[in-house]
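Colleague: model this:
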Amino acid sequence: MAPDIPTLMMMVTVAAMVMAATLMAVAWGERSDGIKLWAGALCCLALAYVLFLLRGRIPDPVSILLGNGLASAATSLVLAAICRFQGRALPWLARLLPPLALVGLLWLFLDDFTTRVTLTALIMAGQSAWVFWALWERRSAYQGRGVRLVMAAMGLQTVVLLVRGSSSASRAMGAQNMLQADAIQILTFVSAFASLLVASLGFIFMHKERADEANRRLAALDELTGVANRRSIIAALDRDVSRAIRTREPLAVMMVDIDFFKHINDTHGHLAGDQVLRNVVDVIRHRIRAQDIVGRYGGEEFMVLLCDTTLQGARQLAEQLREAVQASFCPWNGERLAVTVSVGVFGGRLEPGDGWDQLIHAADQALYRAKQGGRNRVEIAPTLGRLAGHGRANGSPETFPSSLH
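Modeller: Modelled structure (predicted):
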């Protein structure tokens, strides 16, 4: 027994209304990034199918023109929602032109069912393909299950609409009105139901994946300076220590501390201190390689990881950083704040059993000597100082002993 077309259309209508209500509840009072537009698209689609279901009970021009116009507008709103999610705006002309063009063409062929079906299928297939392309062209920036689901749904809808349009144009469709069942009609409405659910769930996944990525970044970065936070930089150091032991490549660590930072806060205020922190980070970032990592270890102290770098190379870089910071006066309220840093450096090849905490301890001891020696200077730790009982730390990054200065 063939599925009943009005029943299929009712399924699409109810699913669209329920999904729209769900999305509006999710977006209520929050930054939506296209969710409200997507909910609006579902509302348009539900209203369009209501008008289709009322064919024969309301004037045909209302059901045909307004119904198909709303269905086309729904796809335009989907495209607008995708563009909003991507941080770009879809011009109003691009939103309005397809539904208005469709309504105009249907008005010209109001009494020709075959031509109406062909035109509607081809125009809406083009709209679905446009949504697919909007996701495809930015696939490198937006990856994940959500994007793939929406692309799959739009791809399916494009193919089915092209089949419907070509079948109508070649007179292969058996149906002679909207509610009459044949294979193409059934395929159209079953795919519409499936595409609606898959695309809407995919769009929800896109938002969830973006939120998860933002949370991961927040958990890994220092909010003030934008560099790795303490936990992340120690995790990176632990990983690099293991790799350096395995590959026998040298590894260097620098501990960089801003001199007289408390005096800056006390004299100019904490906002000035924040600006100084950012200024020092900018200097460091511009002078290290892409594979090197800088992180805020705590307060005014930063750690720099230098892969495949000898002690001599790290010392040279530390001197360059020290000189660059001294030369780069920090602008603040019309003043140029003089800033200097002290740097402790460890570098060399590691042995099995060496741990990240030992490297930090060695570099921190060198930093202590730089502070004691008058500040604005670089000191090195020539050896790791492998002491009995001072091995690899197995706890969390927060277990490392506090700074010695």
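Colleague: any idea how far apart the tips of stretch 218-237 sit?
Modeller: 19 Å (CA to CA, to the nearest Å).
Colleague: for the helix ranked longest in the chain, packing partners?
Modeller: Counting by DSSP state H, the longest helix found in the chain is helix 183-220. Packed against helix 183-220 by the contact rule (3 or more CB pairs under 8 Å, 6 or more residues apart in numbering; DSSP states H and E) you find helix 5-27, helix 35-53, helix 67-85, helix 145-169, helix 230-247. All C-beta atoms are positioned from the backbone trio N, CA, C, and that covers glycine.
Colleague: how about Phe193, nearest residue that isn't a chain neighbour?
Modeller: The shortest distance from Phe193 to any residue other than its chain neighbours is 5.0 Å, reached at Val12 (CB to CB, 6 or more residues apart in numbering).
Colleague: what residues are up against the one you found?
Modeller: 45-46, 49, 189, 192-193, 196 (CB atoms under 8 Å, 6 or more residues apart in numbering).
Colleague: can you do 10 Å?
Modeller: By CB atoms under 10 Å, 6 or more residues apart in numbering, Val12 lies in contact with 45-46, 48-49, 52-53, 189-190, 192-197.
Colleague: so which residues of the stretch 301-405 of the chain form helices?
Modeller: Using DSSP state H, counting those that start in this stretch, the helices found in the stretch 301-405 of the chain span residues 311-327, 356-372.
Colleague: what is the last one packed up against?
Modeller: So the one you mean is helix 356-372. Contacts defined by 3 or more CB pairs under 10 Å, 6 or more residues apart in numbering; DSSP states H and E place helix 356-372 against helix 230-247, strand 251-258, strand 293-298, strand 301-307, helix 311-327, strand 341-348, strand 378-381.
Colleague: can you list the domains in the protein?
Modeller: According to automatic domain parsing, the chain comprises the domains 5-218, 230-399.
Colleague: wait, which of those is closest to Leu224?
Modeller: Taking CB to CB, domain 230-399 is the member of the domains of the chain nearest to Leu224, at 5.9 Å.
Colleague: nearest residue to Leu135 in space, please, no chain neighbours.
Modeller: Met151 (5.1 Å).
Colleague: for stretch 247-267, buried residues please.
Modeller: Across stretch 247-267, burial judged by 16 or more other CB atoms under 10 Å covers 250-259, 261, 264-265.
Colleague: look up how far Gly165 lies from the closest residue in space to Leu54 that isn't next to it in sequence.
Modeller: Leaving out its chain neighbours, the residue that sits closest to Leu54 by CB to CB, 6+ apart is Ser63, at 5.9 Å. With the distance defined as CB to CB, to the nearest Å, Ser63 ends up 20 Å from Gly165.
Colleague: repeat that for Tyr368.
Modeller: 77 Å.
Colleague: what of Leu196?
Modeller: Taking CB to CB, one finds Leu196 at 20 Å from Gly165.
Colleague: please apply the same query to Met11.
Modeller: Taking CB to CB, one finds Met11 at 23 Å from Gly165.
Colleague: out of the two, which sits in the busier spot?
Modeller: With neighbours defined as other CB atoms under 10 Å, Met11 and Gly165 compare such that Gly165 has more, 21 against 17.
Colleague: the more buried one reaches Ala125, doesn't it?
Modeller: Yes: contact criterion CB atoms under 10 Å: Gly165 and Ala125 qualify, at 6.3 Å.
Colleague: returning to that earlier point: in TSV, list the helices of the stretch 301-405 of the chain along with mean pLDDT and distance to Leu161.
Modeller: Conversion of those to TSV gives the following (pLDDT from 0 to 100; distance: least, CB to CB, whole Å):
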stretch	mean pLDDT	distance to Leu161
helix 311-327	95	60
helix 356-372	94	58
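Colleague: which of the ones you listed sits most buried?
Modeller: Comparing the helices of the stretch 301-405 of the chain by mean neighbour count (mean count of other CB atoms under 10 Å), helix 356-372 ranks first with a mean of 22.
Colleague: that helix vs strand 301-307, what angle?
Modeller: Angle between the axes of helix 356-372 and strand 301-307 is 120 degrees (criterion: axes from the mean of the first three to the mean of the last three CA atoms, to 10 degrees).
Colleague: next one: helix 356-372 to chain centre, how far?
Modeller: In terms of CA atoms, centre = their mean, to the nearest Å, the centre of helix 356-372 is set 37 Å apart from its chain centre.
Colleague: export that helix as PDB, just CAs?
Modeller: C-alpha atoms of helix 356-372 as PDB (Å, rounded to 0.1, in the frame of the first residue of the first chain):
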ATOM      1  CA  TRP A 356      59.000  18.300  33.300                       C
ATOM      2  CA  ASP A 357      59.300  19.500  36.900                       C
ATOM      3  CA  GLN A 358      63.100  19.200  36.900                       C
ATOM      4  CA  LEU A 359      63.300  21.400  33.800                       C
ATOM      5  CA  ILE A 360      61.100  24.000  35.500                       C
ATOM      6  CA  HIS A 361      63.100  23.800  38.700                       C
ATOM      7  CA  ALA A 362      66.400  24.300  36.800                       C
ATOM      8  CA  ALA A 363      65.100  27.300  34.800                       C
ATOM      9  CA  ASP A 364      63.500  28.700  37.900                       C
ATOM     10  CA  GLN A 365      66.700  28.500  39.900                       C
ATOM     11  CA  ALA A 366      68.500  30.300  37.000                       C
ATOM     12  CA  LEU A 367      65.800  33.000  37.100                       C
ATOM     13  CA  TYR A 368      66.300  33.400  40.900                       C
ATOM     14  CA  ARG A 369      70.000  34.100  40.200                       C
ATOM     15  CA  ALA A 370      69.100  36.700  37.600                       C
ATOM     16  CA  LYS A 371      66.900  38.400  40.100                       C
ATOM     17  CA  GLN A 372      69.500  38.300  42.800                       C
END
